[in-house]
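>>> can you look at this prediction? I've put the sequence above it.
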Amino acid sequence: MLKKNIDLHLHSNFSDGLSSPEELALLVKKADVRLAALTDHDTVAGTERFLRSALELGFTAIPGIEFSAKHEGKELHILGYGIDIHNKELLSSIEELRKTREKRAPLIIEKLNKLGFALDYAEITKNIQPGKAIGRPEIAEMLVRHGYVKNWSEAFSKYIGDNGPAFVDKEKIPAEECIRLIRNAGGFAVLAHPALELDMSGEKTVRELVRFGLSGIEAYYAKHTKENAAYYAFLAAKYGLFITGGSDFHKAENDTKHAPIGSLSLPDNHL
């Protein structure tokens, strides 16, 4: 039997989503999701607000995070669930990441200006909320605001995407370190959307991450095919990992990259 009342991969405007934690909680409630996790990129700044809103609205929420990690030349994303969001080591690592991202944003703007744009980094920093790292979404929004592009999608595809002329890579934590941070903060580490990075050849990587302390795999994900989900569910069973799923929700409209809240179905025997 399938169920749709779980969504353990959501983003707010504290990373690259559009909704505040409170707005996101309302959307979760509207979607009749009973168990949810806010998993913003490399920050827990909005987590307490999301947890408080969930309590007021009557659904269960667990604290989470999504780390950008690296392992043997590959980029991986590691989700952390059930973490202590006040853990000093975790917060220290998050702050270091925020500082490196702040160095990255001016470099992207410098590249854009060399392409003929007229952008000012100070414009982004004026209204940024505390704890939020300045990243490509903020730069994309500025490009839209100044009329250089029609939307975020065009900004990424033409200029600041991974293959764009103004791309600057971001600092990533080694996967082993990510997993250690999550576990030391009392949480469980889960490999996010593995088929996006590893396709159907992820067993070696999964085996190595298990050695580091990986607890689960996000087998059910918006861009996973049925074959992807079955393959990673098989690996989870083989290595004694639990299985999760999530929409990777970022915004309610015009988002072809991710899924709506609560849109994925998980078998009853999975988390």
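In hand now; what should we look at?

>>> use CA for all of it now, contacts and neighbours both
Will do.

>>> endpoint to endpoint, stretch 191-205 covers what distance?
10 Å (Cα to Cα, to the nearest Å).

>>> one more: stretch 35-49?
For stretch 35-49, the separation between the terminal residues is 16 Å (Cα to Cα).

>>> let's have the chain start at 9 instead
Taking 9 as the first residue, the last one we looked at is stretch 43-57.

>>> any idea how far the residue of the chain positioned farthest from its centre is from residue 111?
Distance from the centre of the chain peaks at residue 124, with 31.5 Å (Cα atoms, centre = their mean). According to Cα to Cα, residue 124 and residue 111 sit 21 Å apart.

>>> and residue 177, by the same measure?
Taking Cα to Cα, one finds residue 177 at 11 Å from residue 111.

>>> anything in contact with each of the two?
Overlap of the contact sets of residue 177 and residue 111 (by Cα atoms under 8 Å, 6 or more residues apart in numbering) is empty.

>>> got a list of what the closest residue to residue 22 other than its chain neighbours touches?
Of all residues not flanking residue 22 in the chain, residue 140 sits nearest, at 5.2 Å (Cα to Cα, 6 or more residues apart in numbering). Contact analysis of residue 140 by Cα under 8 Å, 6+ apart lists 22, 23, 51, 53, 106.

>>> among the residues you listed, which ones are buried?
Those of the contacts of residue 140 that meet the buried threshold are 22, 23, 51, 53, 106, by 16 or more other Cα atoms under 10 Å.

>>> I figured the second one was touching residue 137, is that so?
No: between residue 23 and residue 137 there is no contact under Cα atoms under 8 Å: 10.5 Å.

>>> alpha carbons of the helix or strand harbouring residue 130, as CSV, please.
Element membership of residue 130, judged by DSSP states H and E, is helix 129-133. This file holds the C-alpha atoms of helix 129-133, laid out as CSV (Å, rounded to 0.1, in the frame of the first residue of the first chain):
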residue,chain,number,x,y,z
TYR,A,129,26.8,43.1,-4.6
ALA,A,130,25.6,45.6,-1.9
GLU,A,131,22.1,45.4,-3.4
ILE,A,132,21.9,41.7,-2.4
THR,A,133,23.2,42.2,1.1
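
>>> average pLDDT for that helix, rounded please.
Taken as a whole, helix 129-133 has a mean pLDDT of 86.

>>> same for whichever helix or strand comes after that helix, what does it pack against?
Once the chain leaves helix 129-133, the next helix or strand it forms, by DSSP H and E, is helix 144-153. Applying 3 or more Cα pairs under 8 Å, 6 or more residues apart in numbering; DSSP states H and E, one finds that helix 144-153 contacts helix 96-122, helix 129-133, helix 160-163.

>>> ok, and what's touching stretch 109-129?
141-144, 147, 167-168, 173-179.

>>> mind putting these in a markdown table, pLDDT, neighbour count and distance to residue 76 included?
What follows is those, written out as a markdown table (pLDDT from 0 to 100; neighbours: other Cα atoms under 10 Å; distance: Cα to Cα, whole Å):
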| residue | pLDDT | neighbour count | distance to residue 76 |
| --- | --- | --- | --- |
| 141 | 70 | 25 | 13 |
| 142 | 78 | 24 | 15 |
| 143 | 82 | 19 | 13 |
| 144 | 87 | 22 | 14 |
| 147 | 92 | 24 | 19 |
| 167 | 96 | 21 | 21 |
| 168 | 94 | 24 | 18 |
| 173 | 96 | 15 | 22 |
| 174 | 96 | 21 | 20 |
| 175 | 95 | 20 | 16 |
| 176 | 93 | 19 | 15 |
| 177 | 89 | 11 | 11 |
| 178 | 85 | 14 | 9 |
| 179 | 85 | 15 | 8 |
